[in-house]
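Participant: Fold the following.
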Amino acid sequence: MTLPLEVAPDATAAARRVGSLVAVKAREAIAARRRFSVALSKAPAAMLEALVDAAPRWDGIDVYQVDERAAPSESRDRNLTALVAALPPDAVGSLHPMPVEAPDLEGAARLYQVELPDVLDLVHLGLGADGHTASLVPGDPVLDVRDDLVAATAEYQGFRRMTLTYPALETAREIVWLVTGEEKREILARLLEGDDSIPAARISNASQLVVADPAAAPE
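Facilitator: Residues are numbered from 1 along each chain as shown. From the prediction side, this is the model:
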């Protein structure tokens, strides 16, 4: 499967485009009188600003995490820290943080799985230079998890992590990727070509869009 690619003028525009897409989908769901669920990966400030600027009704939105480092609360290493700082006060109640401070990370992952909706409306993903997405990293046993929607990983770059698994990503209604930077060009080309030797390209979901900047976009 070849993924569709949209190239924005620059990295900031790409980030804002993804934030705006999330907001549009949220408004559409709320207009149809249903809750909107989104799972966010580590998001740049411009993406979160665009989401906030579009001012969806936060009481109709559930914001989940795609993955998180097992680090203390408010640590700069936590994806949640930037998310809480960017969202307005009325949005904080919409957040469903991953419970990565629990001493039993595997048990906490099972609890988080219960919080998830049957199907996530939208998942935002990034792409690592090594081909990982979420915390589905090369060689980790979590790549083989098929019976759970959330799992704990082995240590990667100094941290264990909690992550959505392939089943959670594959059942989402829509996936939107944000990929920027020249260092991502080669690996993005492999993702777009469906090279399943990298974890990111193993997601089987028919509704995916990649938004990239010119530096990351393959020629």
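Participant: Phi and psi next, for the most centrally placed residue in the chain.
Facilitator: Centroid-nearest residue in the chain, with Cα atoms, centre = their mean: S41, separated by 3.0 Å. Taking degrees, to the nearest 10, you get phi -80, psi -170 for the backbone angles of S41.
Participant: begin at 2 from here
Facilitator: In the new numbering, first residue 2, that becomes S42.
Participant: Not counting residues beside it along the chain, what's closest to H133?
Facilitator: P200 (5.2 Å; Cβ to Cβ, 6 or more residues apart in numbering). C-beta: built from backbone N, CA, C; applies to glycine.
Participant: So, low pLDDT: which residues of the protein?
Facilitator: Scanning the chain for pLDDT under 70 picks out the ranges 2.
Participant: Which stretches in the protein count as strands?
Facilitator: Using DSSP state E, the strands of the chain run over 6-8, 37-41, 62-66, 68-70, 96-97, 123-126, 151-153, 162-165, 176-180, 209-213.
Participant: The closest residue in space to A217 that isn't next to it in sequence: how many residues sit nearby?
Facilitator: Of all residues beyond its chain neighbours, the one nearest A217 is K185 (4.4 Å), with distances taken as Cβ to Cβ, 6+ apart. Neighbour count of K185, defined by other Cβ atoms under 10 Å: 21.
Participant: Could you do L4 as well?
Facilitator: Other residues close to L4 by other Cβ under 10 Å number 17.
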